[in-house]
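Participant: dropping a prediction and its sequence here:
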Amino acid sequence: MSSSAVRMGRAFVEIGADPKKLFSALNKINAQIGKVGRSMTSIGTKLSAVGASIAAPLALATRTFATFDDAIRATAAVTGATGAALQSLNDTARKLGETTSFTAV
C-alpha cells in the first residue's frame, strides 16, 4: 500500500484469518445477547406483577383512609365538633371499626 493511498482517505486491510470462525463467533455472541434480552424481559414481567400486587392493597388502603377522613370531616362540619371532641369522635370510630362488624366509617 502506498502512502499516497492513505493520505487520500483509502485504507486497505487484509485479513489472514478464516472469516467462517469470525462469523461463527459473532453468531454465538448474538445468541447470548438474545438470551440476556429474553431473561430481562422475563424479569421485567415478574417485577410488573410484583408491583401490581403491591399497588393494589396500597390503593385500597388509601381509598379507605380517604373515605374515613371524608366521613369524619363531614360529621365535624354537621356537628360543629372541633379539637378534643373531634379527636374523641375519630378515636371512637376507629375503636368501633376494630372491635365490631361495622367499619369505622
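Facilitator: On my side now, so go ahead. Numbers count the residues shown, from 1 in each chain.
Participant: okay, helices next: where are they in this protein?
Facilitator: 3-7, 19-79, 83-99 (DSSP state H).
Participant: please pull out the lowest mean pLDDT helix or strand from the protein.
Facilitator: When the helices and strands of the chain are scored by mean pLDDT, DSSP states H and E, helix 3-7 comes last with a mean of 53.
Participant: now stretch 94-105: mean pLDDT?
Facilitator: Stretch 94-105 shows a mean pLDDT of 82.
Participant: pull that stretch out as PDB, backbone CA atoms only.
Facilitator: Provided in PDB are the C-alpha atoms of stretch 94-105 (Å, rounded to 0.1, in the frame of the first residue of the first chain):
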ATOM      1  CA  ARG A  94     -61.600   3.700  64.900                       C
ATOM      2  CA  LYS A  95     -62.200   1.600  68.000                       C
ATOM      3  CA  LEU A  96     -65.600   0.600  66.900                       C
ATOM      4  CA  GLY A  97     -64.200  -0.300  63.400                       C
ATOM      5  CA  GLU A  98     -61.700  -2.600  65.000                       C
ATOM      6  CA  THR A  99     -64.000  -4.300  67.600                       C
ATOM      7  CA  THR A 100     -67.300  -4.600  65.800                       C
ATOM      8  CA  SER A 101     -68.500  -5.900  62.500                       C
ATOM      9  CA  PHE A 102     -69.000  -2.400  61.200                       C
ATOM     10  CA  THR A 103     -66.400  -0.200  59.500                       C
ATOM     11  CA  ALA A 104     -65.000   2.900  61.100                       C
ATOM     12  CA  VAL A 105     -66.800   5.000  58.500                       C
END
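Participant: other residues contacting that stretch?
Facilitator: For stretch 94-105, contacts defined as Cβ atoms under 8 Å, 6 or more residues apart in numbering pick out 67-68, 71, 93. (C-beta placed from N, C-alpha, C; glycine too.)
Participant: buried residues, that stretch. List them.
Facilitator: residue 104 (16 or more other Cβ atoms under 10 Å).
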